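In: Need a 3D model of the sequence below.
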Amino acid sequence: MSSITTRILSLLVCVLIILIPWGFSNSFVQPQTGQLFILIMATPVALVFILLKLFKARKQLNLNITKTDLVLIFLMVVVLIQMLVQHQTTISHVLGLISYSMLYLLIRSLTKKHTIIFFCGLLVAGIAQAVYGNLQLYDIYPSHHGLFKMTGSFFNPGPYAGYLVSIIPLAITLFLIKYTTHFKIKYKDLSGAEIPAPNESHNLNEPGQRVKLSPKLIFLKVKKITYKNWPYLIQYLIGIAIITILLVLPASKSRAAWLATIGAVFFIFIQIWQDELMVNTILFRGKWKFKSGKILSSTLAKILGILIIIVLLAGGLFATYKMKQGSANGRLLIWKVSSEIIKDKPLLGHGINAFEAKYMDYQAKYFQANPESEESFLADNTKYAFNELIRIATETGLIGLILSILLLWFLLFGKPVDISKQEKIELIALRTTLMALIIFGLFSYPDEIIPIKLNLIVIVALISNYLVPVKFLSKRNIKLQLPDNTIQKRRTIGIVTKSLISCALIAGTTYYINCGIRLYKANTNWKIAFTTYQMGAYSACIENYENAFPYLQYDGDFLLNYGKALSMAEEHKKAVEVLEYTKNYYPNTVLQTALGDSYKALGQIKKSEEAYLQASWMIPSKFYPKYLLAKLYDETGQDEKATQVATELLSKKVKIESTAIKEIQQEMRAIITRNQNST
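Out: Sure thing, here's the model as predicted:
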């Protein structure tokens with residue numbers, strides 16, 4: 001592509017990076033769905049650029065396939081196989097996967113000189129979100145969550161802080177490493193006047209050395225020179241981004257974001273430490289800087305530095321753990337239960353989106369095996385692993401986990417091509433940002449947040465542009481002409497080939513757009529149905545749910561809403577059918593209690609009992625499932641069981657006092673008293 005075309009493409013991607021976070025829309029049941037539709041609409045534009053590149057006259061082809069590309073291809077194959085076999089992937093996930101793949105390919109087709117444009121886009125996006133967060137803190141704009149004052153354009157402070165983490169390390173790195181140092185030699189006499197350089201050569205690796213040239217004493221002086229300052233625009237963006245983001249990041253109260261930012265700063269200095277010249281330039285000034293730089297660049301100093309970093313990070317982890325110990329223990333419970341999911345299918349995993357589909361049932365099994373566990377007060381309805389590596393192992397098994405770790409290793413430590421000093425700094429900035437996202441992903445769920453995932457794809461693609469190609473796959477100037485054919489035949493073959501590829505791309509794009517339109521209509525119907533349900537018109541909302549079902553039939557949240565609406569509308573036979581189907585995608589206490597209600601209405605008491613019991617084991621600290629079970633026993637004449645469950649509820653430790661709990665306890669006392677009087 002021409003220089004103008006590539007610049008336009010880079011700017012369009014930057015516009016997408018800036019706009020995506022603002023796609024949060026209350027026009028959908030899940031407001032982040034608006035971000036997905038912005039991404040879907042941008043994909044056909046990417047295909048247009050591919051067609052332009054395809055039809056551009058070219059006699060030679062340049063391939064630049066890196067190890068990261070190969071690992072990504074293998075990982076994509078694993079994901080696609082899982083999608084085809086497990087039947088758990090929603091249309092939105094498929095369209096998103098296509099969009100991210102197209103974005104990656106487009107950025108990989110660009111050269112390293114366009115990286116600075118993407119830096120500007122990321123910084124502007126971060127500044128816009130940080131300013132919005134500051135305005136929310138001062139009550140100028142409302143947040144998107146009733147319990148939190150600041151959310152940016154996200155649904156809670158956690159993803160918002162994670163998004164800022166995908167940008168702040170970039171700004172900090174570019175701020176710290178704005179230039180490198182070159183040695184320039186000046187010869188001066190004792191009076192300080194500069195004189196022409198002598199013919200003798202001297203060792204330039206000894207800065208500040210004195211060289212005696214009779215009859216004058218000559219000083220070999222080293223002067224710092226900046227190789228190339230960042231353009232003024234990006235310098236201002238760097239400063240503004242650091243100030244605005246650091247003002248709101250502490251207020252997010254996201255421990256994962258804090259750890260990621262601190263870890264990124266340590267990672268910056270580890271990379272600086274590998275270059276004595278950078279140590280001298282950045283960490284020290286004055287006459288001691290060269291001696292100090294040499295000391296810090298020694299192997300012993302690096303080992304001591306790594307130990308200090310480990311101690312500080314361990315201290316930071318312990319401090320953040322103590323800050324919200326209950327929340328941290330809750331995540332430890334999730335990871336413990338997740339290990340059981342992984343054990344059942346360690347090699348290939350349970351399939352894409354399987355964590356959401358499997359976790360709550362495994363949590364119920366865990367508490368059935370450990371009924372007296374104090375961890376029951378930490379449990380809740382969970383659909384996130386709060387650790388991306390655990391989620392990957394759950395869904396794609398050890399194969400997917402190993403490929404993911406290998407990909408991260410190549411991205412962070414892969415050998416770069418011969419790059420300039422400026423490109424080296426750009427690579428350090430990108431790797432630091434990736435490291436921050438990795439740390440954040442160990443304690444949160446960035447894969448579920450579209451703007452964070454988009455930034456991650458951009459960063460991964462940009463890093464790949466700096467890495468050494470695989471020799472046996474990457475060749476330069478591959479000739480496309482066929483030596484045995486005439487020019488006319490070659491042109492004919494070229495036109496036919498390009499036409500076939502273009503037709504395939506156009507057909508695929510048309511189908512893609514059609515799927516996007518249908519998905520949009522389905523989400524619109526879901527919103528109408530959900531709004532109608534909240535108004536209490538349960539029967540009226542069913543039609544909209546039915547219209548949306550063909551395109552959202554693998555979406556656990558949608559299925560749960562649909563099944564609950566059928567149960568409330570007293571269409572219990574259909575409700576049981578939908579809710580039983582929903583158990584394959586998002587089992588939780590809401591589903592089990594609704595299922596128990598419908599089975600009870602149909603007179604299937606045993607199945608109703610099983611559903612209520614399953615709900616009670618999923619979250620043992622909840623009163624409501626056992627309350628429904630006691631009512632079931634009481635209404636069906638099972639007085640002994642009703643008394644037993646009622647007694648359990650009265651002796652049950654209360655997690656959070658509420659009026660509802662007191663009313664339940666009052667009803668349980670009435671059941672016990674009535675049964676005692678009857679005997």
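
In: need the helix or strand of this protein with the lowest average pLDDT.
Out: Confidence across the helices and strands of the chain bottoms out at strand 216-222, with a mean of 37, counting by mean pLDDT, DSSP states H and E.

In: burial of residue 415, as a residue count?
Out: Under the neighbour criterion other Cβ atoms under 10 Å, residue 415 is assigned a count of 10. C-beta: built from backbone N, CA, C; applies to glycine.

In: oh, I was asking about residue 336
Out: Residue 336: 12 neighbours (other Cβ under 10 Å).

In: Beyond the helix or strand where residue 244 lies, next helix or strand please.
Out: Secondary structure assigned from DSSP states H and E places residue 244 in helix 232-248. Going down the chain from helix 232-248, the next helix or strand is helix 255-273, by DSSP H and E.

In: Now that following helix: buried residues?
Out: 255-269, 271-273 (16 or more other Cβ atoms under 10 Å).

In: Ok, stretch 387-407 next?
Out: 387-397, 399-404, 406-407.

In: what do you get for stretch 554-570?
Out: Result for stretch 554-570 [16+ other Cβ under 10 Å]: buried residues 554-569.

In: Which one of those is nearest to residue 521?
Out: residue 558 (13.5 Å; Cβ to Cβ).

In: what helix or strand does the closest one sit in?
Out: Using DSSP H and E, residue 558 falls in helix 556-568.

In: I'd like the average pLDDT over that helix.
Out: Here helix 556-568 scores 94 as its mean pLDDT.

In: again with stretch 150-166
Out: Computed over stretch 150-166, the average pLDDT equals 92.

In: now do the same end-to-end measure for that stretch.
Out: 18 Å (Cα to Cα, to the nearest Å).

In: what's the answer for stretch 380-398, then?
Out: Start-to-end, stretch 380-398 (Cα to Cα) is 27 Å.

In: Please save the CA atoms from the host helix or strand of residue 664 in CSV.
Out: Per DSSP H and E, residue 664 falls inside helix 659-678. Extracted in CSV, the C-alpha atoms of helix 659-678 (Å, rounded to 0.1, in the frame of the first residue of the first chain):
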residue,chain,number,x,y,z
THR,A,659,-35.7,-7.4,56.1
ALA,A,660,-36.1,-10.3,53.8
ILE,A,661,-34.0,-12.5,56.1
LYS,A,662,-36.1,-11.6,59.1
GLU,A,663,-39.3,-12.4,57.2
ILE,A,664,-37.9,-15.8,56.2
GLN,A,665,-37.0,-16.6,59.8
GLN,A,666,-40.4,-15.6,60.9
GLU,A,667,-42.0,-17.9,58.4
MET,A,668,-39.7,-20.7,59.4
ARG,A,669,-40.7,-20.3,63.1
ALA,A,670,-44.4,-20.5,62.0
ILE,A,671,-43.7,-23.8,60.2
ILE,A,672,-41.9,-25.3,63.2
THR,A,673,-44.7,-24.2,65.6
ARG,A,674,-47.4,-25.5,63.3
ASN,A,675,-45.8,-28.9,62.8
GLN,A,676,-45.1,-29.2,66.6
ASN,A,677,-48.7,-28.5,67.4
SER,A,678,-50.0,-31.0,64.8
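
In: Centre-most residue in the chain?
Out: The centre of the chain sits closest to residue 446, judged by Cα atoms, centre = their mean, with a distance of 2.5 Å.

In: what's near enough to touch that one?
Out: Neighbouring residues of residue 446 by Cβ atoms under 8 Å, 6 or more residues apart in numbering: 159, 162, 166, 388, 437, 440, 452-453, 456.

In: Next, format those residues as TSV and append secondary structure.
Out: Formatted as TSV, these follow (DSSP: H, G, I helix; E, B strand; the rest coil):
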residue	secondary structure
159	helix
162	helix
166	coil
388	helix
437	helix
440	helix
452	helix
453	helix
456	helix
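
In: Filter the residues you listed down to the buried ones and hand me the ChimeraX line.
Out: Buried members of the contacts of residue 446, defined by 16+ other Cβ under 10 Å, are picked up in ChimeraX with:
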select :159,162,166,388,437,440,452,453,456
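
In: Of the contacts of residue 446, which is the nearest to residue 601?
Out: Once Cβ to Cβ is applied, the member of the contacts of residue 446 that ends up nearest residue 601 is residue 159, at 39.1 Å.

In: Next, please give the residue ranges for the strands of this structure.
Out: Using DSSP state E, the strands found in the chain span residues 60-61, 185-188, 194-195, 210-213, 216-222, 478-479.

In: Quick check: which ranges of this protein have low pLDDT?
Out: 1-2, 50-63, 87-88, 178-232, 273-303, 305-306, 309, 472-495, 497-498, 679 (pLDDT under 70).

In: Report the angle between the lengthiest helix in it and helix 556-568.
Out: Longest helix in the chain, counting residues (DSSP state H): helix 487-534. Using axes from the mean of the first three to the mean of the last three Cα atoms, to 10 degrees, one finds that helix 487-534 and helix 556-568 are set 40 degrees apart in direction.

In: mind listing what residue 140 touches?
Out: So residue 140 contacts nothing (Cβ under 8 Å, 6+ apart).

In: And for the one 4 residues further on?
Out: Contacts of residue 144 were listed using Cβ under 8 Å, 6+ apart, and they are 24, 31, 151, 153-156.

In: roughly how far apart are the closest residue in space to residue 338 that isn't next to it in sequence and residue 165?
Out: Leaving out its chain neighbours, the residue that sits closest to residue 338 by Cβ to Cβ, 6 or more residues apart in numbering is residue 390, at 5.0 Å. Distance of residue 390 to residue 165, given as Cβ to Cβ, to the nearest Å: 19 Å.

In: Thanks again, I'm all set now.
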